[in-house]
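Participant: pasting the structure only:
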């Protein structure tokens, strides 16, 4: 190629860099493509092209040019780091880790790469490796608040809340206006049940960044949890007036409204935003999803139609349309839509919906093929194993009994009387007095399985309440006994995870009113699940009629797919106060409704356990 000596290569590269700094990536890219005609193998030019594509959101072309840049010269730590950032954002963590390590081998004191490697480990929930990497970053720069706060985040996520608190405090001493440190210290207090301290931290964060969506969400939901519902509504409303296109805030706000006495305002923020926005397709899609989750399926379909979302071939739109049609019983329309969505990008939820349709239509071989793909992606997903149990049972496959040994895997225990209490009734009364005030809401949360009842947040056993910590100790002992009783089988989804090192991944309280019940369900993210009965109404204790009515019984084996004569209830149990039932999280279970008056209720503390 002839060289144009009049072309100012260095000046043009500097101008492109300024375009990027000025958040004009398209202008930078146009300039760089001209430069590349004069200097096709210039590393700086190819690197800047990659950064331009990244800023434009085209990660594949960005990745391609980062790799081309490294073909020209492998020894570029900054390029390795930037390529790793793209790979990490795409979920390709192993590849990202390789390039971060390559960057550090070329430049051992490269602080940014060291910190990013730690974040990569954190994203994979490899917290010990992340903490070690953050420590190395802090050695490189003892005042690096991002690394210090990141290490505290890992300690919090590991459950070491005391150590996390101390590290957050260190970060705040270095930088009193560090948003992440104040916000996540609030999360740390929130997890400990110290709501007042959490709100104080969230307010500090809100003072620093009043428009930060994650801060607004945390503060508003904490105010709601403390009983300041009006203040929470005002905070969400003000934020959405400022940023009407923020889909996540719409979802959190309307999920909150659904449980309150203001549930008649559910969806109003979406309607207002759609009127205000020139392009409201994302907000309309979110609104349709929220209506679908609330059981307002026809309304969801109307929003899709009115906003012409059906013209979109986006995977999320296809998925929603397919799930709406499936809920309305139009499987012939639903299945192709779901398949098109799955063809664009794999989604466990979409694949599970397709399996459900295959089961309903008795296409068991087709369901099995999809299940195999799902297990390769998420081998421990409990809903996938629940669907597998149906396929095996309905196919007369002997593995059903191996997977669902109801007599062995469902075990019933009784809470023991803690030393500080005179009797079991004394202990249960204390628990009832502690739990009842927590049930402030008007109705069940969205996407939960209870009907005609309320549910608390999912960190009940992490609260600092002495009576709840005593309950946690009792339940820990029972879970330990249950695990020890299980046989060994390295191929079994329950038994292969057997470990005496476990944690309560979710714990909450449910208060059902008369005629309340749980629809049939499983606990997708669990391993071992339980229902612990604190209080039951008199109608559930009528032993003379129990065999006939089964009021309030917990039942196992029946799915929510309404398979008529193909359904089967394998076992049902009569609840008693102080009873603890343990079972695999993939077991289908639900409850029968119970009769009663306005004052009658059933109070439980369900929980999930996972191995550490």
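Facilitator: Done, it's in. A quick note: this is a predicted structure, and the numbers were derived from the prediction, not measured. Numbering: from 1, shown residues only.

Participant: okay, CA-based contacts and neighbour counts for the rest of this
Facilitator: Will do.

Participant: residues near residue 83, how many?
Facilitator: 27 (other CA atoms under 10 Å).

Participant: residues contacting it?
Facilitator: The contact partners of residue 83, by CA atoms under 8 Å, 6 or more residues apart in numbering, come to 63, 66, 67, 96, 99.

Participant: surely residue 29 touches residue 49?
Facilitator: Yes - if you go by CA atoms under 8 Å, residue 29 and residue 49 touch, sitting 6.0 Å apart.

Participant: which one of those two is surrounded by more residues?
Facilitator: Set side by side, residue 29 and residue 49 show more neighbours around residue 49, with 29 against 23, by other CA under 10 Å.

Participant: any idea how far the more buried one is from residue 31?
Facilitator: Relative to residue 31, residue 49 is positioned 10 Å away (CA to CA, to the nearest Å).

Participant: now swap in residue 132 and tell me
Facilitator: Relative to residue 31, residue 132 is positioned 42 Å away (CA to CA).

Participant: and these two? Which one has more around it.
Facilitator: Using other CA under 10 Å as the criterion, residue 132 and residue 31 rank with residue 31 on top: 19 against 14.

Participant: with adjacent residues omitted, what lies nearest to the more buried one?
Facilitator: Excluding its sequence neighbours, the residue lying closest to residue 31 (CA to CA, 6 or more residues apart in numbering) is residue 16, at 6.2 Å.

Participant: do residue 103 as well
Facilitator: Distance criterion CA to CA, 6+ apart; nearest residue to residue 103, sequence neighbours excluded, is residue 77 at 4.0 Å.

Participant: dump the residue contacts of the one you found.
Facilitator: Residues near residue 77 by CA under 8 Å, 6+ apart: 102, 103, 104, 106, 107.

Participant: again, but for residue 381
Facilitator: 375, 524, 525.

Participant: can you turn the buried part of those into a ChimeraX selection?
Facilitator: Applying 16 or more other CA atoms under 10 Å to the contacts of residue 381, the buried members can be selected in ChimeraX as follows:
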select :524,525
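
Participant: the contacts of residue 381 in helices, which ones?
Facilitator: Under the assignment DSSP state H, these contribute residue 375 to helices.

Participant: and which of the contacts of residue 381 is nearest residue 309?
Facilitator: Residue 309 has its nearest neighbour among the contacts of residue 381 in residue 524, at 29.8 Å by CA to CA.

Participant: what number of residues lie near the residue lying closest to that closest one once chain neighbours are set aside?
Facilitator: Spatial nearest neighbour of residue 524, excluding adjacent residues (CA to CA, 6+ apart): residue 382 at 4.4 Å. Neighbour count for residue 382, taken as other CA under 10 Å: 23.

Participant: again, but for the one 3 residues further on
Facilitator: Per other CA under 10 Å, the neighbour tally for residue 385 reads 23.

Participant: what are the phi and psi values at it?
Facilitator: When read as degrees, to the nearest 10, the backbone of residue 385 gives phi -70, psi -30.

Participant: what's the answer for residue 591, then?
Facilitator: Backbone torsions of residue 591, given as degrees, to the nearest 10, read phi -130, psi 160.

Participant: give me the distance between it and residue 602.
Facilitator: Note on residue 591: its distance to residue 602, by CA to CA, is 11 Å.

Participant: helix or strand: which one has residue 112?
Facilitator: Assigned by DSSP states H and E, residue 112 falls within helix 111-123.

Participant: helix or strand right after that helix?
Facilitator: helix 127-140.

Participant: may I see the buried residues of the helix or strand following that following helix?
Facilitator: Once helix 127-140 ends, the next helix or strand along the chain (criterion: DSSP H and E) is helix 145-158. Neighbour-count burial for helix 145-158 flags 145, 146, 147, 148, 149, 150, 151, 152, 153, 154, 155, 156 (criterion: 16+ other CA under 10 Å).

Participant: surely the fifth one meets residue 180?
Facilitator: Yes - with contacts counted by CA under 8 Å, residue 149 reaches residue 180, the gap being 7.1 Å.

Participant: is the residue nearest to residue 31 in contact with residue 32, as I believe?
Facilitator: Yes - under the criterion of CA under 8 Å, residue 16 makes contact with residue 32 at 6.5 Å.

Participant: tell me, what's touching those two both at once?
Facilitator: Residues within reach of residue 16 and of residue 32 at once, by CA under 8 Å, 6+ apart, are residue 48.

Participant: please identify which of the two sits among more neighbours.
Facilitator: Taking other CA under 10 Å, residue 16 and residue 32 do not tie; residue 16 has more neighbours (26 against 23).

Participant: just to revisit the earlier point, let me see the backbone angles for the residue nearest to residue 103.
Facilitator: phi -60, psi -40.

Participant: identify the residues contacting residue 480.
Facilitator: Residue 480 makes contact with residue 500 under the criterion CA under 8 Å, 6+ apart.

Participant: list the buried residues in the helix or strand where it lies.
Facilitator: Following DSSP H and E, one finds residue 480 within helix 466-485. Of the residues in helix 466-485, those with enough neighbours to count as buried (16+ other CA under 10 Å) are 467, 468, 470, 471, 472, 474, 475, 476, 478, 479, 482, 483.

Participant: for the residue nearest to residue 31, helix, strand, or coil?
Facilitator: Here residue 16 is helix, with the state taken from DSSP: H, G, I helix; E, B strand; the rest coil.

Participant: relative to residue 33, how far out is it?
Facilitator: From residue 16 across to residue 33, the span is 10 Å (CA to CA).

Participant: can you show me the strands along this structure?
Facilitator: 411-414, 450-455, 502-507, 510-518, 528-535, 554-556, 571-573, 579-584, 589-591, 601-604, 607-611 (DSSP state E).

Participant: including mean pLDDT, could those go into a markdown table?
Facilitator: What follows is these, written out as a markdown table (pLDDT from 0 to 100):
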| stretch | mean pLDDT |
| --- | --- |
| strand 411-414 | 98 |
| strand 450-455 | 90 |
| strand 502-507 | 93 |
| strand 510-518 | 93 |
| strand 528-535 | 97 |
| strand 554-556 | 97 |
| strand 571-573 | 96 |
| strand 579-584 | 98 |
| strand 589-591 | 97 |
| strand 601-604 | 96 |
| strand 607-611 | 96 |
